[in-house]
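Student: how does the following fold in three dimensions:
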Amino acid sequence: MFGATGGVGQYLVKQALEQDFEVTAFVRTPSKLQINHEQLHIIQGDCFNKDEVTQAIAGHDAVVSCLGSSQGMKKSTELEEMTKIIVDGMMEHKINRIIYTASAGIHKEIPGITGKLVMTMLKNALLDHKCAVDYIVANELIYTIARPMGLTNKALTGNYRESSTGVPEKSRTISRADVADFIVRALRDTKYDCTSIGISD
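Tutor: Sure, this is the predicted structure:
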């Protein structure tokens, strides 16, 4: 798992362990992951380091990315670069299952004037995510792309809406905890194989 110390990532580590997954968290700063569990393995490394990433991927059944860019709304290719390193590592070790947390808007799918404003404001981050997703799809992996609406810190509900064609109707937000719940669900259910799912409250 990449991005384990981020907002969605921390919820995901906790939920995956609670559901009896064995989790390897690849993190730059292990002290940020305040979780101890016999089925949690922590590897310290840098997502821009090809050798470290490729070595960490070996021997796993699936890869999950909850990575974000350090550049905020500025132009960046960080997500694309990190994802290329991850995907190349997966190909080297013949691992083909990946769940990638992107954002609603990567396909210009948020409707209305508000949607256009949001997508314009986030255009640099969305482009970086889209380039990362395009690389995943081009390599014929078994992917699930999660496209959450605006992230909140509300509690886990396990009750959210999904759309495989755009975003759920009249959607605005989803909690980070529910995004993590969706990722665990996608790991368990093959109906999410090779899909891009918009999710919201």
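Student: what's the following helix or strand after the helix-or-strand element of the chain with minimal mean pLDDT?
Tutor: Taking mean pLDDT, DSSP states H and E as the measure, helix 112-121 is the helix or strand of the chain with the lowest mean score, a mean of 93. With elements assigned by DSSP states H and E, the helix or strand that comes after helix 112-121 is helix 123-138.
Student: and that next one, what's its mean pLDDT?
Tutor: Per-residue pLDDT over helix 123-138 has a mean of 97.
Student: and the helix or strand just after that helix, which strands flank it?
Tutor: For helix 123-138, the succeeding helix or strand toward the C-terminus, using DSSP H and E, is strand 142-148. For strand 142-148, the pairing partners within the sheet under DSSP bridges are strand 97-101 (parallel), strand 195-200 (parallel).
Student: and the angle from strand 142-148 to helix 123-138?
Tutor: Calculated by axes from the mean of the first three to the mean of the last three Cα atoms, to 10 degrees, strand 142-148 forms an angle of 160 degrees with helix 123-138.
Student: buried stuff in strand 142-148?
Tutor: For strand 142-148, the neighbour count (16 or more other Cβ atoms under 10 Å) marks 143-148 as buried. Placement of C-beta: from N, CA and C, glycine included.
Student: what does stretch 124-133 give?
Tutor: Neighbour-count burial for stretch 124-133, counted by 16+ other Cβ under 10 Å, picks out 124-133.
Student: related to what we said a few turns ago, pick the one among the buried residues of strand 142-148 closest to residue 182.
Tutor: Distance to residue 182, by Cβ to Cβ, is smallest for residue 146 among the buried residues of strand 142-148, at 5.9 Å.
Student: now that closest one. Nearest residue, chain neighbours left out?
Tutor: Across the structure, with Cβ to Cβ, 6 or more residues apart in numbering as the measure, the residue nearest residue 146 apart from its sequence neighbours is residue 101 (4.8 Å).
Student: where do the helices sit along the protein?
Tutor: In the chain, the helices defined using DSSP state H lie at 7-18, 50-57, 78-92, 112-121, 123-138, 176-188.
Student: make CSV out of those helices and add distance to residue 160.
Tutor: Compiled in CSV, the helices of the chain are given as follows (distance: least, Cβ to Cβ, whole Å):
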stretch, distance to residue 160
helix 7-18, 13
helix 50-57, 29
helix 78-92, 24
helix 112-121, 19
helix 123-138, 20
helix 176-188, 5
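Student: so which of these comes closest to residue 66?
Tutor: helix 7-18 (4.1 Å).
Student: give me the contacts around the closest one.
Tutor: Contacts made with helix 7-18 from outside it, assessed by Cβ atoms under 8 Å, 6 or more residues apart in numbering, are listed as 1, 3-4, 23, 25, 33, 35, 37, 39-40, 64, 66, 101, 151, 153, 156, 176-177, 179-181, 183-184, 187.
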